[in-house]
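In: I need the structure of the sequence given here:
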Amino acid sequence: MYLGTGKYLKKNYPKKYIKHLRESSHYIIEATGEGIQIVDFQSLVQKNDYLWVSRTTFPKEKIHRTIKNSFNYIGSQYDFIFNFYSDKKLVCSELVMKSYAKEFPDDYGIEIYLEHVGSWLVFPPNNFIKLLIDQHGKKKAYLKPVIFIDSKEKTWENFIATQKDFLNSWKRSRLSIGLQ
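Out: Have a look, this model is predicted:
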């Protein structure tokens with residue numbers, strides 16, 4: 001989840017988690033096996049095969065609250081068992097889901113519906129793509145795709161793909177052996 005530049009974060013949020021940030025760098029918050037942490041965008045790009053960036057159309061006040069909410073999870077552990085019933089450990093889609101949740105009845109928020117995978121209720125990251133497909137072309141869409149960096153794993157190539165490629169990517173195999 002994109003947070004902004006170091007300068008923006010230092011100006012608008014408590015210093016507890018952001019005092020070490022460089023003003024000109026762009027930052028995201030992510031959930032990985034190492035836990036929930038703020039990392040610079042350049043590091044994210046260098047260590048991922050795929051990258052999707054979208055922009056929300058929520059009012060600035062909601063975006064500000066969402067970023068502030070995401071700070072509550074910094075330092076939390078990654079949830080290797082995908083237990084969406086707890087806030088103690090999180091996965092990437094859960095971090096976004098909980099940060100963007102509605103905080104009061106008339107609030108803006110990403111409406112996410114958990115689904116059964118085995119015996120667990122979860123929100124697979126590819127379901128964000130399904131949300132975009134459902135909203136695609138609608139006037140009140142709250143997520144707009146910005147860029148999709150795709151890859152061909154067999155040849156180790158990365159490239160900027162089209163929006164159509166992105167909207168179809170959720171259909172791909174979840175197993176790396178089944179990818180290009």
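
In: who touches the residue lying closest to Y17 once chain neighbours are set aside in this structure?
Out: Leaving aside its sequence neighbours, Y17 sits nearest to I74 (CB to CB, 6 or more residues apart in numbering; 5.1 Å). For every residue, glycine as well, the C-beta is placed using N, CA and C. Applying CB atoms under 8 Å, 6 or more residues apart in numbering, we find I74 in contact with Y17, I29, I36, Q37, I38.

In: Three-state assignment for the first one, please.
Out: Which is Y17. Following DSSP: H, G, I helix; E, B strand; the rest coil, the label given to Y17 is coil.

In: got the phi/psi numbers for it?
Out: Per-residue torsions, Y17: phi -100, psi -10 (degrees, to the nearest 10).

In: The second one too?
Out: In this entry, I29 is assigned phi and psi values of phi -110, psi 130 (degrees, to the nearest 10).

In: Hmm, it is touching S70, no?
Out: Yes: between I29 and S70 there is a contact under CB atoms under 8 Å: 5.0 Å.

In: can you list residues touching both of these two?
Out: Joint contacts of I29 and S70 (CB under 8 Å, 6+ apart) are M1, L3, L95.
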